[in-house]
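# the sequence and its predicted three-dimensional model are supplied below.
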Amino acid sequence: MLIGVLNKVQVGNLPGVSTFQHFNLPTFFPIFAATFMTDIKTLYQQAIALLQQLIAIPSFSREEGLTADLIEHFLQERQVKTHRKLNNIWAWNKYFDTAKPTILLNSHHDTVKPNSGYTRDPFDAKIEDGKLYGLGSNDAGGCLVSLIAVFLYFYDREDLKYNFCLAVSAEEEISGVNGLELIIPELGKLDFGIVGEPTQMQLAIAEKGLMVLDCVAHGKAGHAAREEGDNAIYKALPDIEWFRTFRFPKESAVFGPVKMSVTIVNAGSQHNVVPASCTFVVDVRVTDSYRNEEVLEIIRQHVKCGVTPRSTRLKPSKIDIDHPIVHAGIALGRTTYGSPTTSDQSLLDIPSLKVGPGDSARSHTADEYVYADEIRDGIELYIKMLESII
């Protein structure tokens, strides 16, 4: 099945990239493996070809088996020893040294499902006017193949001050438990990470965490025409107002205050019955000033309703603006900012920088694309940033 899918892929008119009418799995990879060089032009050509093949294979969250096979094969054909758990692939540089610190390079290979607005085949990875189209091209295929190229660039270097760990993860789009979180214990000690998400190669030095809270206020049912019951809606109102107005004492230098929004309210069964319960949902975006558990404890100290978090897994993250990798990016003209959206960065307990080619505004949109030049520039920038610290 995989070979059949790959045989459909064609390379568009990309400057500097040879045109192959059809890729065949048994012959395509050995050709590239035999001619592999660590120059950026070759890495760029391989990255584009790999991304086109990934796009051609549906890889919705929890259904990423075939793209995992492809990535595993791609690395193994380059003599990289790979490890796999479910649909997650990871590898270390050839001369891994336990005495050295380790840099994590991470991005994901799952995608959302194509929305109804598509006018193109979401799995037809054509290049037109410099744009490489296809589902997952921007989020986060361009980042993924760029980081794979960077890993290969440094893979067989013996003079590194750092080790490299490449982790290609599944289930990012659904924050699944069988993605990066599943393999973190297998990766060993990590000192900091680069998470590939489309940021136009600007530096997201912090990312908000997310908690979704299910809240319930209890009253007592009664007939609305008589002085009966204890209306749960009225009991919920003070807590809802508290969520609207409360400001946490500590505020992030990047994001400002923690943001809480009541987004769903449900109560009552019919007009003449005083409701016995009122449930509501709160979306909490936690900044790097707090841990999720700290915010949850403060909330429970202030409200009377019952509060149950759906999860505390999606943590806020940050990297110090004085970290060498951030300085390296700034020196190359990159700007820093805080990202309001979540990614696999939220699962890491190490300093991490979110940065990658592409534009988050294109993510999950119809006729998604990434510019081929963005991938080339992304590879170059990643390498320049890392070269300056290793």
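Thanks, I have it. Numbering: from 1, shown residues only.
# give me the element residue 322 is part of.
Secondary structure assigned from DSSP states H and E places residue 322 in neither a helix nor a strand.
# show me what residue 353 is bridged to.
residue 194 (DSSP bridges).
# for it, what are its contacts?
Residue 353 makes contact with 192-195, 203-205, 319, 323, 325-326, 329, according to C-beta atoms under 8 Å, 6 or more residues apart in numbering. Heads up, the C-betas are built off the backbone N, CA and C, glycines and all.
# and the strands in the stretch 51-200 of the chain, which stretches?
Using DSSP state E, counting those that start in this stretch, the strands of the stretch 51-200 of the chain run over 83-85, 88-92, 102-108, 127-128, 131-133, 163-169, 192-195.
# now do the last one: distance to the chain's middle.
It refers to strand 192-195. Relative to its chain's centre, strand 192-195 lies at 11 Å (C-alpha atoms, centre = their mean, to the nearest Å).
# average pLDDT for it?
Here strand 192-195 scores 98 as its mean pLDDT.
# pLDDT weak spots in the stretch 201-350 of the chain?
For the stretch 201-350 of the chain, no stretch is flagged by pLDDT under 70.
# quick one: the helices in it?
In the stretch 201-350 of the chain, the helices defined using DSSP state H, counting those that start in this stretch lie at 232-245, 292-302, 324-331.
# so which bits of the shortest one are buried?
Think helix 324-331. 325-326, 328-329 (16 or more other C-beta atoms under 10 Å).
# mind listing residues that contact that helix?
Against helix 324-331 from outside (C-beta under 8 Å, 6+ apart): 192, 194, 203, 205, 319-320, 336, 353, 355, 381, 384-386, 388-389.
# go on, the longest one?
Judged by C-beta under 8 Å, 6+ apart, the contacts made with helix 232-245 from elsewhere in the structure are 215, 217-219, 260-262, 265, 267-268, 275-278, 280, 282, 302-305.
# among these, which ones are buried?
215, 217, 219, 260, 262, 267-268, 275-278, 280, 282, 303, 305.
# and those, which of them are in strands?
215, 217, 260, 262, 267, 277-278, 280, 282 (DSSP state E).
# just flag the most distant two among those residues.
260 and 277 (21.3 Å; C-beta to C-beta).
# residue ranges with poor pLDDT in the stretch 1-150 of the chain?
1-38.
# mind listing the helices for it?
Applying DSSP H, counting those that start in this stretch to the stretch 1-150 of the chain gives helices spanning 2-6, 25-34, 40-56, 65-76, 142-155.
# minimum distance to residue 185: which of these has it?
Closest of the helices of the stretch 1-150 of the chain to residue 185 is helix 65-76, at 18.9 Å (criterion: C-beta to C-beta).
# for this protein, which residue is closest to the average position?
residue 343 (3.4 Å; C-alpha atoms, centre = their mean).
# ok, the contacts of helix 324-331 vs residue 123, which is closest?
Once C-beta to C-beta is applied, the member of these that ends up nearest residue 123 is residue 355, at 27.3 Å.
# the closest one is in contact with residue 193, isn't it?
No: if you go by C-beta atoms under 8 Å, residue 355 and residue 193 don't touch, sitting 10.7 Å apart.
# highest mean neighbour count out of the helices of the stretch 1-150 of the chain?
Neighbour counts (mean count of other C-beta atoms under 10 Å) averaged over each of the helices of the stretch 1-150 of the chain peak at helix 142-155, with a mean of 26.
# then it to PDB, C-alphas only?
The C-alpha coordinates for helix 142-155 follow below in PDB (Å, rounded to 0.1, in the frame of the first residue of the first chain):
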ATOM      1  CA  GLY A 142       7.700  22.000   6.600                       C
ATOM      2  CA  CYS A 143       9.100  22.200  10.100                       C
ATOM      3  CA  LEU A 144       9.400  18.400  10.400                       C
ATOM      4  CA  VAL A 145      11.400  17.800   7.200                       C
ATOM      5  CA  SER A 146      13.600  20.900   8.000                       C
ATOM      6  CA  LEU A 147      14.500  19.500  11.400                       C
ATOM      7  CA  ILE A 148      15.100  16.000  10.000                       C
ATOM      8  CA  ALA A 149      17.500  17.700   7.500                       C
ATOM      9  CA  VAL A 150      19.200  19.600  10.400                       C
ATOM     10  CA  PHE A 151      19.600  16.300  12.400                       C
ATOM     11  CA  LEU A 152      21.200  14.700   9.300                       C
ATOM     12  CA  TYR A 153      23.500  17.700   8.900                       C
ATOM     13  CA  PHE A 154      24.900  17.200  12.400                       C
ATOM     14  CA  TYR A 155      24.400  13.400  12.600                       C
END
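# residue 248 - nearest residue in space that isn't next to it in sequence?
residue 258 (4.7 Å; C-beta to C-beta, 6 or more residues apart in numbering).
# report how many residues lie close to the one you found.
26 (other C-beta atoms under 10 Å).
# in contact with it, which residues are there?
Per C-beta under 8 Å, 6+ apart, neighbours of residue 258: 248, 251, 284-287, 289-290, 295.
# give the contact list for the closest residue to residue 232 other than its chain neighbours.
Distances taken as C-beta to C-beta, 6+ apart place residue 219 nearest to residue 232, at 3.4 Å, with adjacent residues excluded. Contacts for residue 219 (C-beta under 8 Å, 6+ apart) come out as 229-235, 274-278.
# again, 10 Å this time
For residue 219, the contacting residues are 229-236, 267, 274-278, by C-beta atoms under 10 Å, 6 or more residues apart in numbering.
# what's the distance between it and residue 231?
5 Å (C-beta to C-beta, to the nearest Å).
# residue 239 now?
14 Å.
# for these two, list the residues in contact with both.
Contacts common to residue 239 and residue 231, judged by C-beta under 10 Å, 6+ apart, are 217, 278.
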